[in-house]
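[1] Structure for this input, please:
(3 chains)
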Amino acid sequence: MRHWSLPLLALALLLALAPGADAQPKDTLTVALISHAPTLDPHMHFERVGILVNINMFDSLLHKNARLEYEPSLATSWKALNDTTWEFKLRKGVKFHNGDTLTAEDVKFSIERVTEPGKEKKKSPQYGNVRAIKDVRIVDADTIHLVTDKPFPLLLERLVFFPIVPKKHLEKVGDDAFGTTAAVGTGPWKFVEWKRDQYIRLEAFDGHWRGKPAFKHLVIRAIPEVATQIAEIKTGGVDLIRNVSADIAPELKAHAQTYVSSAPILRVHYVELDMRSAPFDKKLVRQAANLAIDKQAIIQRLMGGLGRQVATVVQPPAFGHDPEVQPFPFDPKKAKELLAQAGYPSGVDITLHSAFVEFRPVFEALTQMLTEVGIRTNARMWDPGPAWNKFLQAEGKATNGAYGSWGNYSVFDADAVLHPLFHTEPGGWIGKHYTRVEGLDKLIDEGRSTLNQAARKRTYSQIQKLIREEAPAIYLFTQYDTLAISKRVEYAARGDEWLWLFDAKPKR
Amino acid sequence: MAVGSLPIAYADDIPRLASGSRAWRKFARNPAALTGALILLVVVGAALSAPWITPHDPAKQSLIRRFTPPVWAPGGNAGYLLGTDQVGRDVLSRIIHGARISLLVGVLAVVISVLVGVTLGLISGFVGGRADTVIMTIVDITWSFPQILLALAFVAALGPSLVTVILVLGFTGWERYARVVRAEVLALREKDFIEAARAMGIGSARILVRHVLPNTFSSIVVLSTLQVAQAILQEAALSFLGVGSGRTYPTWGQMIALGRDFVSVAWWLPTFPGLAILATVLAINLVGDRLRDALDPRV
Amino acid sequence: MSAFLVRRLVRLAVVITGVSLVTFAILHASGDPVSLIMPEAPEADRAVLRRTLGLHDPLPVQFARFVGNAVTGNFGKSFFHHGQSASALVLERMPTTLMLTVFSMGVALAIALPVGIYSAVRRGRAVDQLATGTVFLGQSMPVFWTGIMLILLFSVQWRLLPVSGWESWAAVILPTATLSTFTAPLLLRIVRSSMLDVIGLDYVRTARAKGVSEWLVICRHALKNAALPLVTVTGLQFGLLLGGAVITETVFAVPGVGRLIVGAIRQLDFPVVQAGVFMLAMIVVSVNFLVDVLYLYLNPQIRVR
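    Numbering: from 1, shown residues only, chains lettered A, B, ... in the order given. So this is what the prediction gives:
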């Protein structure tokens, strides 16, 4: 039949074009993330999914080990020369993936790539983290000084994720290529291939200064659907998935091919309330909202007990936490009373927003609990991403509040949560839109501008008492990071949510 | 044919009028169609009386009763026949309420499609000439987009809401009616009784309404039935993809999308809403298909 | 014939312009594209975006510019993927989508042809009724749900096939199968009804009467004539198939255009949405055009006219 030869030929052609068979060799470690960051350039995004990839390709000046203690990385030692000047000694003979040797010039270039001294508009979204760095001085080939504009107690924390990139290479290939096809660092794995929204393929870097990682190949797949991630780890399609919910964890724990590893983390859940407009402009309503939530029930029923109730947003392991400040109890009766006192005896309608898709059931439970005391809540769930970010960052109409979480970018300090959530300066995060607490800005500024830790502790204690009373947010709990891992891989969840895969080993 | 946009008209989709009682007998003889009609009756009845027959408030959560399996599975609870979801809501109650959205969207979207499609099809077929060319070009353009894609893009652009979904599905699904009605009109135009009416000096509009439209009626009924099924599937797909009617009301597609994350611990979450869609759409298809056969004297 | 071709070409150009207009309308449907892209952004930021997008110009001017750009494949840069051109992102994924569609079409044909012919020949018998029943079932199942159920059975329960992706042949099977359950009933119906149409015709009867083996008759004569409507209707339904592919891709995380568009819609990445919708529509338009030409070629009656 002549008619059919053409389609057959076309089919054969297509078959030839199709992808080849996929073996999952022993020396490959495959990790699933919900998405890829828009770029591989470690300075040009600020997304957890990007950081988790970047840390395995790039080194920073400092590192933290699994116990979250500082370790030397590209800097072998460091000290504060005075309140505003820090000295770092650089490791000698460190090679970039392209064979170039790391120099002090690269460090200066990397930092100034983000701080962009003299430029009005900064292009890096990480600028806010390191804007205190006023000057980078190259003292000699292995020594640099970082000068801050005022005492900056968080400097070391900020340098744990601040990848150093090769100046010469970057100037040659340009920003765009560096972020897509020509990423080069000094980390344990080097870049091989990126298929956007499919996988990032990395290969062990022979010249890495720590030695070679246990797995030769590292593949980071982007799998947005939770159900697919779970099915993939059960069937051996991936070796590690993050954010395993308490509902799924028991099943993956019992599964023949997988185990679960959890660690308490800084990530604190909250509902930030819009204090600019009714009804949350009234303190009594904000307190009522806090009293309406049965935090223990959520932790026990929805999070499998893997959560820790907090009094404010300051996490217990963070520097500056004051254990004296007590959480709001669960007291729906009192909540209704306060609501009536505030002028809403028959309740009030509000809308809350969230893009915290992994905790959708928690969001639904929160809205129900609020509704039950008379704060009738309409829930609006967003997909995380630029649309949500734009919505969240935008001023405009009052939105009553947002449910979310904050992981401090793994910085163990009260400032790292108080500033973004509650400070109202224009460079701030959501505090600038929502929070209006008299005197709070000044206290937060005070806490971040001295290296005297005792004085800082006093300030943070004062802040926590103030925000416990004023309740600019509904305070909830901190969570655990729960990973599901294939039994052929040995790895443990870290308290900073990092996937530091150099520590991953094949299991026999 | 003015311009050969659709070389073979939907031979499959164009029944001719048969006499009513004979059609009914033909319809009733078919057990599959009767089953379909019965299922449809149950679904419509459930949707209409949802607030009175649901065992629970579809929005009522209970953190203690999360993931209760269906009543026949171990751990099931007679109070929750089809189990509960990730926040302890009753699945059966949500499915019953979901039927309202599905049927509402299905029927209203088709009403819009019929109004637009039939009007344009009549004009195109009867007036012919330039009007025909313009309308058939619009049909071709609409036809060039996968409907679900166009609906997806416009619902996203206009913001998800029930009204948007209905309008978008209605305005992207009309071109079939235009084609079918146009073909019918072209066939009718040459018929004697139309010629006679014209000879008697009866105005075009009157001929259209009095003589042409009733003769296209059976095609429209059959096509509409089948299109309601399509619209229900499209709405479910939109909800599944997360741009449906918003989150204020449970829909089947959305239940499948959300339940999917928990499928390994609660298989019933995506399964039952899916079966609800399957049963409803199947019932409509069976009825529609039989209707086509019954109204078509050729078979 | 050439006059016909010219008419078709003119029409093609008109349709492509119309498709651009609809694609253009996606961004303008809400009235203010900027509020769509930056909901609740400060007015100053919006003004900047309006200027860069040229939204101050009158709509016809904007549309002309859009068409000019669209024809050259320029839809601007993605809002989300840094510095990537929207059409490059779409083109990168197009082969996957086409592969998925063509594969499942092949599978569907492989099922629909024999089953459709057989059930037409044995009309009303058990096989026919079974086939018809399956067609109904297949047409009533939501594609995404079929996909989830197949994953549940073949990947999670029996662990035979990968859950998602497109990196290996094994991964291709489930998405193809899912889309085939959507496609096959459609084709089967067409095969069956067009076979029924020719099977009763005189020359088939004559051939039969001459004692030619029944199956030979079917293959030689009936099938040849049934092929024409099959090709045309399949071509015309191509848009529907692509729509099915869009949903299938989302369920199986297949890195095709559909998944890209769905993702872009969630991120309000409108350049990518427009590029994707436009290019998929262009494929449908070209397939329809080819089918028309093919029909013209295969059907001498029109050629004479």
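[2] next one: the top strand by length along chain A to chain centre, how far?
    Across chain A, the longest stretch assigned as strand under DSSP state E is strand A:258-273. For strand A:258-273, the separation from the chain centroid amounts to 11 Å (computed by CA atoms, centre = their mean, to the nearest Å).
[3] Point out the other helices and strands that that strand packs with.
    Judged by 3 or more CB pairs under 8 Å, 6 or more residues apart in numbering or on different chains; DSSP states H and E, strand A:258-273 is in contact with helix A:249-254, helix A:283-292, strand A:401-406, helix A:415-422, helix A:431-434, strand A:473-486. (C-beta placed from N, C-alpha, C; glycine too.)
[4] Indicate whether the shortest one makes contact with chain C.
    In this case it means helix A:431-434. No. Judged by CB under 8 Å from any CB of the partner chain, helix A:431-434 stays clear of chain C, getting no closer than 9.9 Å.
[5] Secondary structure element holding the closest residue to B:Gln86 other than its chain neighbours?
    Closest residue to B:Gln86 apart from its sequence neighbours, by CB to CB, 6 or more residues apart in numbering or on different chains: A:Pro361 at 4.7 Å. For A:Pro361, the host element (DSSP states H and E) is helix A:360-373.
[6] contact partners of that helix?
    With CB atoms under 8 Å, 6 or more residues apart in numbering or on different chains as the test, helix A:360-373 has contacts from A:247, A:269, A:271, A:288-289, A:291-294, A:297-298, A:302-303, A:332, A:335-336, A:339, A:350, A:352, A:354, A:356, A:376-379, A:381, A:403, A:474, B:61, B:63, B:66, B:86-87, B:258.
[7] quick one: low-confidence parts of the chain?
    Assuming you mean chain A. Within chain A, the segments meeting pLDDT under 70 span A:1-25, A:383-398, A:426-428, A:508.
[8] my bad, the chain I had in mind was chain C
    Ranges of chain C meeting pLDDT under 70: C:1, C:30-31, C:35-46, C:82-83, C:200-205, C:207-208, C:211-212, C:214, C:220-222, C:299-305.
[9] Next: chain B.
    B:1-24, B:26-27, B:244-248, B:296-299.
[10] what's the burial count for the residue of the stretch 151-300 of chain C found nearest chain A?
    Closest residue of the stretch 151-300 of chain C to chain A, CB to the nearest CB: C:Ser168 (3.3 Å). By the criterion of other CB atoms under 10 Å in any protein chain shown, C:Ser168 has 18 neighbours.
[11] Distance check, it against chain B.
    Separation of C:Ser168 from chain B (CB to the nearest CB, to the nearest Å) stands at 23 Å.
[12] C:Pro162 is in contact with that residue, correct?
    Yes. C:Ser168 is within contact range of C:Pro162, at 6.7 Å (criterion: CB atoms under 8 Å).
[13] How about the secondary structure of the closest residue to A:Leu218 other than its chain neighbours?
    Among residues not flanking A:Leu218 along the chain, A:Leu202 sits closest, at 4.3 Å (CB to CB, 6+ apart). In terms of secondary structure, A:Leu202 is strand; the call rests on DSSP: H, G, I helix; E, B strand; the rest coil.
[14] beta partners for A:Leu202?
    A:Phe191, A:Leu218 (DSSP bridges).
[15] who's in contact with stretch C:21-30?
    Contacts for stretch C:21-30 (CB under 8 Å, 6+ apart): B:141, B:145, B:150, B:153-154, B:157-159, C:33, C:36, C:59, C:62-63, C:66-67, C:70, C:270, C:273-274, C:277-278, C:281.
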